[in-house]
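Trainee: Pasting a predicted model and its sequence here:
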Amino acid sequence: MNEVQKYIISNEARMIEELFSLIRIPSISALPEHKDDMLACAERWAQLLLEAGADEAIVMPSEGNPIVFAQKTVNPDAKTVLIYAHYDVMPAEPLELWKSDPFNPEIHDERIWARGADDDKGQSFIQVKAFEYLTKNNLLTHNVKFIFEGEEEIGSPSLEAFCQKHQELLKADVILVSDTSMLGANLPSLTTGLRGLAYWEIEVTGPNRDLHSGHFGGAVANPINVLCNILSKVVDENGRITVPGFYDDVEEVPQAEREMIARIPFDEQKYKEAIGIKEVFGEKGYSTLERNSCRPSFDVCGIWGGYTGEGSKTVLPSKAYAKVSCRLVPHQDHHKISQLFADYIRDIAPNTVQIKVTPMHGGQGYVCPISHPAYQAAEKGFQKAFGKQPLAVRRGGSIPIISTFEQILGIKTILMGFGLESNAIHSPNENFPLDIFRKGIEAVIEFHREYN
């Protein structure tokens, strides 16, 4: 047992109780009745950060819930790591599916069971306890700042404005985040990329009212038929999106990273069986894991119009609607793609109908090169704690605030997460393995030792 492991074991009871003091506060950002809990949780975090060794820790106002800022300066000329986390959690409902009180944490089966055990109180606590070890043993060689927000689970609506206003306060060389997952408990991984998003609603209008399909069918264009025909043209037989200019800014994944993706254990047959399909489909020339993580995609998320009630009604509808989205890859600007897509849909729409394309929400993608010094330091941290080199993994989902950090602060983020699929974040019976908790602290300590 090395010195770090001895420290964790000897202080674990205290650490767990400190974590539990955070979890017991129901800091649910989605529910306005928990406004006082948001402030209480922020204040508790500030206290714990001071106890861990921060020079200062303050609760700052934002346009929404308060933000916790803390810092430790060891050398003004040294590098600075900015640690981001969120202290808000998802609502716990449905409560009847929990095996224990979601805000009264318990330990059994070598796991912490509670809302926030993983996302993100447990994971952010790993960062703070690693910081504590380094400060108490005078091992910290660079400066550390913390920014903990209380609105991540509702889309971080106040954080961008806060970052814009406090750019100098948040100035750093790299951002470190523990709010993502690994491939498995024995298969550590680092998230290197996240896809962006663009979303639209399409409205197709034909006649000025619903018509009798017997009297008008075959003579008047049916908006649902037209909409289906338009949507069928967006992706070709090779899985390529046909919007002109769509791929202009798409970054090709480096071969070294494609080789890492190929090493990820993946059973395509089990994948198909699990979701009940006979065959996969996607862009020609790419594997399934590449298609759902580092290549763009187009999906119809909803489509409706006409009569959908019980029985039959011979109607030629006046209108048809669809909600559609594209997952984007790094360097594809969601504003640009939104305009390209809207222009294309209008261009291919026939004169037999009127078409309206309304852009909805969107977000930028993100990528961190595996050659980045901080990424390599995180790699060594995982190697030390887990005994094997982590795989570089791109995720198909989106965390818009990560790209916002890059745009405003001009620095990269290292996504050094320790979650597991079995941790059931956002679901009843959220949990976090104690073994991963301990290894996570050791991995983050090693990151700080390596990043200089």
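Mentor: Cool, the structure landed.
Trainee: residue contacts, the residue positioned nearest the centre of the chain?
Mentor: Taking C-alpha atoms, centre = their mean as the criterion, Ile399 is the residue nearest the geometric centre of the chain, at 3.5 Å. By C-beta atoms under 8 Å, 6 or more residues apart in numbering, the contact list for Ile399 reads 179-180, 194, 366. C-betas here are computed from N, CA, C, even on glycine.
Trainee: Tell me how the protein divides into domains.
Mentor: Following automatic domain parsing, the chain resolves into domains at 3-194+365-450, 196-250+296-363.
Trainee: can you tell which of the ones you listed is closest to Phe266?
Mentor: With C-beta to C-beta, the closest approach to Phe266 among the domains of the chain belongs to domain 3-194+365-450: 9.6 Å.
Trainee: Now intersect the contacts of Ile399 with the strands, please.
Mentor: 194, 366 (DSSP state E).
Trainee: Most neighbours out of the contacts of Ile399, which is it?
Mentor: Neighbour counts for the contacts of Ile399, by other C-beta atoms under 10 Å, peak at Leu194, which reaches 30 neighbours.
Trainee: pLDDT below threshold where in the protein?
Mentor: Residues of the chain meeting the criterion pLDDT under 70: none.
Trainee: Please, where are all the strands along the stretch 351-452 of the chain?
Mentor: Ranges of strands in the stretch 351-452 of the chain, per DSSP state E, counting those that start in this stretch, are 354-363, 366-367, 391-395, 413-415, 431-433.
Trainee: most packed of the domains of the chain?
Mentor: With neighbours taken as mean count of other C-beta atoms under 10 Å, these reach their highest mean count in domain 3-194+365-450, at a mean of 19.
Trainee: Just the endpoints, please. Distance across that one?
Mentor: Distance between the two ends of domain 3-194+365-450: 17 Å, counting by C-alpha to C-alpha, to the nearest Å.
Trainee: now stretch 278-294
Mentor: 23 Å.
Trainee: try stretch 392-407
Mentor: OK, stretch 392-407 end separation, C-alpha to C-alpha: 23 Å.
Trainee: ditto for stretch 359-367
Mentor: Taking C-alpha to C-alpha, stretch 359-367 runs 24 Å from one end to the other.
Trainee: Identify all contacting residues around it.
Mentor: For stretch 359-367, the external contacting residues (C-beta under 8 Å, 6+ apart) are 192-201, 251, 323, 328-335, 337-339, 342, 394, 398-400, 402-404, 406-407, 413.
Trainee: in this protein, which spans are helices?
Mentor: 3-23, 35-52, 121-136, 159-165, 213-216, 223-232, 255-262, 268-275, 288-291, 334-348, 373-386, 400-409, 434-450 (DSSP state H).
Trainee: Export those as a markdown table, with columns for distance to Asp173.
Mentor: Putting the helices of the chain into a markdown table (distance: least, C-beta to C-beta, whole Å) gives the following:
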| stretch | distance to Asp173 |
| --- | --- |
| helix 3-23 | 24 |
| helix 35-52 | 20 |
| helix 121-136 | 16 |
| helix 159-165 | 16 |
| helix 213-216 | 65 |
| helix 223-232 | 45 |
| helix 255-262 | 23 |
| helix 268-275 | 39 |
| helix 288-291 | 31 |
| helix 334-348 | 27 |
| helix 373-386 | 8 |
| helix 400-409 | 10 |
| helix 434-450 | 13 |
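Trainee: closest one to Gly311 among these?
Mentor: Gly311 lies closest to helix 213-216 among the helices of the chain, at 14.8 Å (C-beta to C-beta).
Trainee: wait, doesn't Ser293 sit right on Arg394?
Mentor: Yes: counting by C-beta atoms under 8 Å, Arg394 is a contact partner of Ser293 at 4.0 Å.
Trainee: what residues do these two have in common as contacts?
Mentor: Jointly contacting Ser293 and Arg394 under the rule C-beta under 8 Å, 6+ apart are 193, 195, 261.
Trainee: who's in contact with the first one?
Mentor: Under the criterion of C-beta under 8 Å, 6+ apart, the contact list for Gly193 reads 293-294, 329-330, 365-368, 394-395.
Trainee: With Leu187 instead?
Mentor: 265, 391.
Trainee: now swap in the one 4 residues further on and tell me
Mentor: Counting by C-beta under 8 Å, 6+ apart, Thr191 touches 180-181, 393-395, 415, 417.
Trainee: Ends of stretch 146-158, what's the gap?
Mentor: Terminal residues of stretch 146-158 lie 17 Å apart, using C-alpha to C-alpha.
Trainee: now what about that stretch, what contacts it?
Mentor: The contact list for stretch 146-158, computed with C-beta under 8 Å, 6+ apart, reads 27, 29-30, 38, 41-42, 45, 49, 54, 57, 62-71, 82-90, 120, 124, 127-128, 159, 162, 170, 179, 400-401, 404.
Trainee: so how far is it from its chain's centroid?
Mentor: How far stretch 146-158 lies from its chain's middle: 12 Å, per C-alpha atoms, centre = their mean, to the nearest Å.
Trainee: do you know which of the helices of the chain lies nearest Phe103?
Mentor: Nearest to Phe103 among the helices of the chain is helix 3-23 (6.7 Å), distances taken as C-beta to C-beta.
Trainee: and the angle for the closest one with helix 121-136?
Mentor: For helix 3-23 against helix 121-136, the angle by axes from the mean of the first three to the mean of the last three C-alpha atoms, to 10 degrees is 130 degrees.
Trainee: Surely Arg258 touches Glu290?
Mentor: Yes: counting by C-beta under 8 Å, Arg258 does reach Glu290; the two are 6.9 Å apart.
Trainee: Comparing the two, which residue is more hemmed in?
Mentor: Legend: neighbour count by other C-beta under 10 Å for Arg258 and Glu290, higher for Glu290 (18 against 15).
Trainee: Not counting sequence-adjacent ones, nearest residue to that one?
Mentor: In space, and not counting its chain neighbours, Glu290 is closest to Ile261: 5.9 Å by C-beta to C-beta, 6 or more residues apart in numbering.
Trainee: burial measure for that neighbour, as a count.
Mentor: Residues lying near Ile261 (other C-beta under 10 Å) number 19.
Trainee: Roughly how far does it sit from Asp179?
Mentor: Note on Ile261: its distance to Asp179, by C-beta to C-beta, to the nearest Å, is 22 Å.
Trainee: what does stretch 3-15 rub up against?
Mentor: Applying C-beta under 8 Å, 6+ apart, the external contacts of stretch 3-15 come out as 1, 125, 129, 133, 438, 441-442, 445.
Trainee: I'd like the distance between the residue nearest to the centre of the chain and Cys163.
Mentor: Distance, Ile399 to Cys163, by C-beta to C-beta: 15 Å.
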